[in-house]
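> Have a look at this prediction, sequence included:
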Amino acid sequence: MLKRIADGPLKLFPASFRDYPAQLQVEVTTRCNMNCSMCVKYAPESDISETDLSFEDFKKLGPALEHCEKLVLNGIGEPLLHPDLAAMASFARERMPERGSIGFQTNGLLFTDQRARELVDAGVDTFCVSVDSLDSSATEGELHGQSSTDRLARTFSLLNQAAQESGTKIRLGAEFVLMSDTYRQLPDVLRWAAGQGVEFILCSHVLAYHRSMQEQSLFNPNTPAAVEIFDKWKSIARERGQDLQNYFDFVWTPGRSMKREQLFDLIREMRAEAERRNVWINLRSLADWDQRNQTEEYQKLREIYACSEKLAEELGVELHLPPLMAENELRCLFIEDGVSFITSKGEVSPCQFLWHSCTCFLDGSEKLLRQKKFGNIAEVDIDEIWSSLPYKAFRAEVLEYEYPYCSNCPMVPCDDIIGRSNEFEVDCLGVEVPCGHCPWAMGGLKCLM
């Protein structure tokens, strides 16, 4: 494995194989001042207890901070609830490289003028505030910004004032979660946020931690390459007097007919082309999304995307929009960029997807996620954990990108990825990392990095 690391991913992704992580995401607390039902903390079988990372344990990251290019001080909870947040930022700033960045995402509701000033003075340079809605009638009142717009406006004002008084340059951002109920508000949120001095808007699709949230997701898990093949054979089918949508009726209807057999032959040809091109396809999902993409909602969604991109350019705001459909190739930016994740208990995990154990819903099925950890900073030095053979081997195997593209597989969801019958050991291709079903790798989810 060591030779494989040296000969392969090490050359392509050197940040992942330095002596220390290039970036750290530290969950300072799992406590929060909001109780959103959509939160992962309230997902079935979540094991996320309410804890704070002690300042003493945070200090154990000191050697790694000397090599850290970016530090993000948040995870599941609200960072502003941690009493030592400013002290942590100050400790990190004293040790990080001069151009290193410190930031966090927040609901923004707990800022005071004193809190804003102490964090700016401590060296925090990036503040990303959640603003999901400006319309108090849109949902039941849980979304960030909804019914608290004035409070959030005050937050931005306090941060701008603190930066001005200290003579410090900070970056203000807003986070917006794209959901069926709220995506139409994105242009309004853009205008409002720009008026508050926001430099960037970070948008992400929603990950459903509850069954009821599945319908809120706007992310098409099929790749453009798969859709291209589907569209080609949909046209061929039409020329032959066939409709690909009829395939599913024929599959479950007994009997034989010439039309049925001709359609089955056509489907086999389509799958053969996909195999030749090494493209994973899920025919059921492609057919469902083909119909969904023609709905008024998806026409409106594409209009909102185009309008928002134009508006952001006019306002001078960086707009980070996720793709509407999955990327052609799975990519783990967490591993590529050398990021390591620390829980509020001090546990070291490789990525956002495997940070905590909980359930979520992907491809219409409940999935049990199990945390992956390689050690605890309270017990072992971070450099020893980062450089341990199991952790290095994990990163190397992720970066080989030899695992299946699960959401585009006709067998999804299978026992290998649902996680119900047994813990993950290997996938259908024999790969030992559970990465083929990751929405971050597909491009649908974004976070502050």
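Yep, that arrived.

> Could you report the neighbour count for the closest residue to Glu327 other than its chain neighbours?
Excluding the flanking residues, the one nearest Glu327 by Cβ to Cβ, 6 or more residues apart in numbering is Gly443, at 4.1 Å. Yep, even glycine has a C-beta here, placed from its N, CA and C like the rest. Residues near Gly443, counting by other Cβ atoms under 10 Å, number 21.

> how near is Gly443 to His320?
As judged by Cβ to Cβ, to the nearest Å, Gly443 and His320 stand 12 Å apart.

> Then Phe17?
Distance, Phe17 to His320, using Cβ to Cβ: 27 Å.

> Who has more neighbours out of the two?
Higher neighbour count among Phe17 and His320: Phe17, with 18 against 15, using other Cβ under 10 Å.

> Please tell me I have it right and the more buried one contacts Tyr391.
No. Phe17 is beyond contact range of Tyr391, at 10.6 Å (criterion: Cβ atoms under 8 Å).

> Give me the three-state assignment for Ala237.
Here Ala237 is recorded as helix under DSSP: H, G, I helix; E, B strand; the rest coil.

> Next one: Lys367, what pLDDT does it get?
With respect to pLDDT, Lys367 scores 89.

> Can you show me the strands along the protein?
All strands of the chain, identified by DSSP state E, fall at 23-26, 70-72, 101-106, 126-130, 171-178, 200-205, 318-320, 339-342, 348-349, 358-362, 365-369.

> And those: which comes nearest Pro404?
With respect to Pro404, and counting by Cβ to Cβ, the nearest of the strands of the chain is strand 358-362 at 13.9 Å.

> mind saving the C-alpha coords of that closest one as PDB?
What follows is strand 358-362, C-alpha atoms only, in PDB (Å, rounded to 0.1, in the frame of the first residue of the first chain):
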ATOM      1  CA  CYS A 358     -27.000   8.900  11.500                       C
ATOM      2  CA  THR A 359     -29.600   8.100   8.900                       C
ATOM      3  CA  CYS A 360     -30.300   9.900   5.700                       C
ATOM      4  CA  PHE A 361     -32.400   9.300   2.600                       C
ATOM      5  CA  LEU A 362     -30.700   8.900  -0.800                       C
END
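
> residue ranges with poor pLDDT in the stretch 301-449 of the chain?
Within the stretch 301-449 of the chain, the segments meeting pLDDT under 70 span 421.

> swap the cut-off to 80 and go again
Scanning the stretch 301-449 of the chain for pLDDT under 80 picks out the ranges 415-417, 419-423, 449.

> and the gap between the nearest residue to Leu12 once chain neighbours are set aside and Tyr391?
Spatial nearest neighbour of Leu12, chain neighbours left out: Leu399 (7.0 Å); criterion: Cβ to Cβ, 6+ apart. The gap separating Leu399 from Tyr391 is 13 Å, by Cβ to Cβ.

> now swap in Glu347 and tell me
Noted for Glu347: a distance of 12 Å to Tyr391, by Cβ to Cβ.

> contacting residues around the nearest residue to Pro9 once chain neighbours are set aside?
Excluding the flanking residues, the one nearest Pro9 by Cβ to Cβ, 6+ apart is Leu399, at 3.6 Å. By Cβ atoms under 8 Å, 6 or more residues apart in numbering, Leu399 lies in contact with 8-9, 12-13, 16, 332, 335-336.

> any chance you could map the helices in the stretch 51-200 of the chain?
Along the stretch 51-200 of the chain, the segments classed as helices by DSSP state H, counting those that start in this stretch run 55-59, 62-65, 85-95, 113-122, 149-166, 186-195.

> Mean neighbour count and distance to Gln105 for these - can I get that in CSV?
Shown next, in CSV, are the helices of the stretch 51-200 of the chain (neighbours: other Cβ atoms under 10 Å; distance: least, Cβ to Cβ, whole Å):
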stretch, mean neighbour count, distance to Gln105
helix 55-59, 16, 18
helix 62-65, 19, 20
helix 85-95, 20, 13
helix 113-122, 19, 13
helix 149-166, 17, 13
helix 186-195, 19, 14
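
> nearest to Leu202, of those?
Comparison of the helices of the stretch 51-200 of the chain against Leu202 by Cβ to Cβ identifies helix 186-195 as nearest, at 10.8 Å.
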